[in-house]
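J.: I would like the atomic coordinates for the input below:
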Amino acid sequence: MKLCILGTGYVGLVAGACFAEVGNAVTCVDRKSERIDALQAGRIPFYEPGLPELVDVNRREGRLRFTASPASAIAEASMHFIATGTPTGATGATDLTEVLGAAQEIGRHIRADCVVVNKSTVPVGGSEQIRSVIREELARRGLELRVDVVSNPEFMKEGDAVKDFMRPDRIVIGADSERAIEQMRAPNRPQ
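T.: Numbering: from 1, shown residues only. Down below sits the predicted model:
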């Protein structure tokens, strides 16, 4: 399966490397070109045991790519993961700028029905905001595509993230579509 991960922070990079390890073709996208340059050179921006080796092997075998240009990564993928930052603002509200920006990019570049998986921490109603932004972009393009938005929070511990992702003690999927839930099972199956 072709996957696009938007955001190469802790959650996005671990998810991308682990999905590639089980046989998926994964492209990780980040708007920070210096981060992409570092990843392409094999430099991981944080310490996580086992992650550098996973990234290295899967890059060399062609299952894991990095880019600062979302257009082709999004257009080629059948499932998109939003794993961007959601900092807390001065008032205590969650800043959804990056999450909604990722949703906007998805809406601008998808070519077919797809599933969008939100792994970022968002308040209640976040999935509907993501869906709305994608629909607005599709409407601007004159397209009607089926886009299922799924919530799939991460429960990774720093220092054990690779192990936690590959052998989770729980998986939470929030969706209003059986089709989306079934597709969520597919990326974890070896190809």
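
J.: other SSEs contacting the helix-or-strand element of the chain with minimal mean pLDDT?
T.: Within the chain, no helix or strand scores below helix 178-185, which has a mean of 74 by mean pLDDT, DSSP states H and E. For helix 178-185, the contact count by 3 or more Cβ pairs under 8 Å, 6 or more residues apart in numbering; DSSP states H and E identifies strand 114-118, strand 147-151 as packing neighbours. C-betas here are computed from N, CA, C, even on glycine.

J.: hmm, who's touching the longest helix seen in the chain?
T.: Ranked by residue count under DSSP state H, the longest helix found in the chain is helix 126-141. Contact with helix 126-141 is made by 82, 96, 99-100, 103-104, 106-108, 110, 116, 118, 120, 122, 144-145, 147, 149-151, 174, as judged by Cβ atoms under 8 Å, 6 or more residues apart in numbering.

J.: in ChimeraX, select just the buried ones from those residues.
T.: Filtering the contacts of helix 126-141 down to the buried ones (16 or more other Cβ atoms under 10 Å) takes a single ChimeraX command:
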select :82,96,99,100,103,104,106,107,108,110,116,118,120,122,147,149,150,151
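
J.: of the contacts of helix 126-141, which belong to helices?
T.: Using DSSP H, the contacts of helix 126-141 in helices are 99-100, 103-104, 106-108.

J.: now do the most centrally placed residue in the chain against Tyr47, distance only.
T.: Note on the chain: the residue nearest the mean C-alpha position is Phe81, at 2.4 Å, using Cα atoms, centre = their mean. Plainly put, Phe81 is 22 Å away from Tyr47 if you go by Cβ to Cβ, to the nearest Å.

J.: go on, Glu154?
T.: Distance of Glu154 to Tyr47, computed by Cβ to Cβ: 18 Å.

J.: who has more neighbours out of these two?
T.: Glu154 (19 against 9; other Cβ atoms under 10 Å).

J.: residue contacts, the more buried one?
T.: With Cβ under 8 Å, 6+ apart, Glu154 has these contacts: 11, 15, 119, 165.

J.: same thing but 10 Å
T.: Contacts for Glu154 (Cβ atoms under 10 Å, 6 or more residues apart in numbering) come out as 10-12, 14-15, 83, 119-121, 161, 164-165, 168, 171-172.
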